[in-house]
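**Q** Here is the input, now give the coordinates:
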Amino acid sequence: MTAKTSRIIIKTFVKTALKDADEAPERCTRNLVDMALHFSKGRFQISFFEMARTMLNNENSPYYPLIEDALKHMDKDKLIEFGLNLGYNGCTMGAHIVRKIKRTENINVPWLLFLNIDSAHENLTESYQPIFDQGKELGIYVYFLYTNKDPEKLLPLIRQNEDCAIILLCGSNCITEDFADSAKDINHLLIGVNYDDHTDAACLVLRDHRLLYSVYRMYTEDESSEIFSGSYYRYAEELHCPFAAVIADPACSSETRGNVYKAAVGTRVAQKYRTIPTDLMYDAETVGNIISPPSSVIGFQPDGTIYNLRNNGRLLSHNIFKESLRDILQKSFSMDE
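**A** Below you'll find the predicted structure:
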């Protein structure tokens, strides 16, 4: 059976299961998890859905109303398409390619990429499409795109990669009615809204357009207390966000980063809120270590330079616009190093 055929079969099953979602969301959710476990073959999927089934054994889990709300207020086609691109293309088919390249070429390929994009970049789609093409050849089907300016200019690039799961991180002031209208035809996109004074208004616009969205915040050393106290997660659940993501400011100490991650995991497992706490970097590394250890999470700045990463104490200095992604990974994350 080809990967395309398997995906079509899974999509058909999911659509069928979602037909009774409005009348019996809890039963629908349990059926979906059971079905996912039946189809799961990869390490990450099995681990994830076994954990999900354990959590859903709690009849009072706040994740049940979270899922019910998402099914009612987010477009089901978007939930299905984004979910399949993430779970099947990214963590099944893509993960198989990642492990094969590691086995045959000794290159440690990450399961996702972070791209910081200047929306004013000339020929944006023409410049960035080769990165997506090279990434997919290596098994990378999950992309975090960040822009602090006009996210609408990234939509043509996103449309062109409908087989990927794309998370677009942007400022809340960029979320307008025009942007939401422009994004409504894209089914493989989740919009991450920055946490600030305008987040609630931005989330309301996205909810009215039935788009997939969540919130994220970059926390400083001083702001970590809001995460420990749970106030950030309470705010996220009020905005009906499936996920409440955090990412550490570069100046944060390793001790604070570790404690924030432990708190996020503890809160997630304890099912305290009607939102799922997520640490973007730590959780990405955790998934990467399940798919193909040791995990490497990398990204590129608007000028193409690699994020200020180190490998075995050696500062990396590569540019995605001047070198191929395969060459960068081979030079920086070869298992022979």
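
**Q** continuing past the lengthiest helix in the chain, what's the next helix or strand?
**A** Of all segments of type helix in the chain, defined using DSSP state H, the longest is helix 254-270. For helix 254-270, the following helix or strand on the C-terminal side (DSSP states H and E) is strand 276-279.

**Q** Could you export that following strand as PDB, CA atoms only?
**A** This file holds the C-alpha atoms of strand 276-279, laid out as PDB (Å, rounded to 0.1, in the frame of the first residue of the first chain):
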ATOM      1  CA  ILE A 276      -2.700  22.100  26.400                       C
ATOM      2  CA  PRO A 277       0.600  23.600  27.700                       C
ATOM      3  CA  THR A 278       3.400  23.300  25.200                       C
ATOM      4  CA  ASP A 279       7.100  24.300  25.300                       C
END
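
**Q** From the contact counts, what lies against that strand?
**A** Helices and strands touching strand 276-279, by 3 or more C-beta pairs under 8 Å, 6 or more residues apart in numbering; DSSP states H and E, are strand 243-248, helix 254-270. C-beta coordinates here come from the backbone N, C-alpha and C atoms, glycine included.

**Q** Direction included, what does the first one pair up with?
**A** In this case it means strand 243-248. Strand 243-248 has the following sheet partners, assigned by DSSP bridges: strand 213-219 (parallel), strand 276-279 (parallel).

**Q** coming back round to it: how about residues contacting the longest helix of the chain?
**A** Identification of contacts with helix 254-270 by C-beta atoms under 8 Å, 6 or more residues apart in numbering yields 55, 219, 221, 224, 227-228, 230, 233, 246, 248, 273, 276-279, 282.

**Q** Report the contact partners of Gly192.
**A** Contact analysis of Gly192 by C-beta under 8 Å, 6+ apart lists 167-170, 213-216, 245.

**Q** pull the CA atoms of the longest helix of the chain into CSV?
**A** C-alpha atoms of helix 254-270 as CSV (Å, rounded to 0.1, in the frame of the first residue of the first chain):
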residue,chain,number,x,y,z
SER,A,254,19.0,27.1,31.6
GLU,A,255,17.6,26.5,35.1
THR,A,256,14.5,28.6,34.5
ARG,A,257,14.0,27.0,31.1
GLY,A,258,14.1,23.5,32.6
ASN,A,259,11.7,24.4,35.4
VAL,A,260,9.2,26.0,33.0
TYR,A,261,9.3,22.9,30.9
LYS,A,262,8.8,20.6,33.9
ALA,A,263,5.9,22.8,35.0
ALA,A,264,4.3,22.7,31.5
VAL,A,265,4.6,18.9,31.4
GLY,A,266,3.2,18.5,34.9
THR,A,267,0.3,20.8,34.2
ARG,A,268,-0.4,18.9,30.9
VAL,A,269,-0.4,15.5,32.5
ALA,A,270,-2.5,16.7,35.5
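
**Q** Let me see the contact set for the residue nearest the centre of the chain.
**A** By C-alpha atoms, centre = their mean, the chain has its centre lying nearest to Ile167, at 5.5 Å. By C-beta under 8 Å, 6+ apart, the contact list for Ile167 reads 142-145, 189-192.

**Q** CA atoms only for whichever helix or strand it is part of, dumped as PDB, please.
**A** Element membership for Ile167 (DSSP H and E) is strand 165-170. Extracted in PDB, the C-alpha atoms of strand 165-170 (Å, rounded to 0.1, in the frame of the first residue of the first chain):
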ATOM      1  CA  ALA A 165       1.800  21.200   8.600                       C
ATOM      2  CA  ILE A 166       2.600  24.900   8.900                       C
ATOM      3  CA  ILE A 167       2.400  26.900  12.100                       C
ATOM      4  CA  LEU A 168       2.600  30.700  11.500                       C
ATOM      5  CA  LEU A 169       3.700  32.700  14.500                       C
ATOM      6  CA  CYS A 170       2.800  36.400  14.200                       C
END
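
**Q** what about that strand, average pLDDT?
**A** Per-residue pLDDT over strand 165-170 has a mean of 97.

**Q** go on, stretch 271-279?
**A** Stretch 271-279 shows a mean pLDDT of 94.

**Q** ditto for stretch 328-337
**A** Stretch 328-337 shows a mean pLDDT of 76.

**Q** what ranges do the strands span in the stretch 51-200 of the chain?
**A** Applying DSSP state E, counting those that start in this stretch to the stretch 51-200 of the chain gives strands spanning 112-116, 142-147, 165-170, 189-194.

**Q** the helices in the stretch 51-200 of the chain, which residues?
**A** Ranges of helices in the stretch 51-200 of the chain, per DSSP state H, counting those that start in this stretch, are 63-73, 76-84, 94-105, 124-137, 155-159, 177-183, 199-208.
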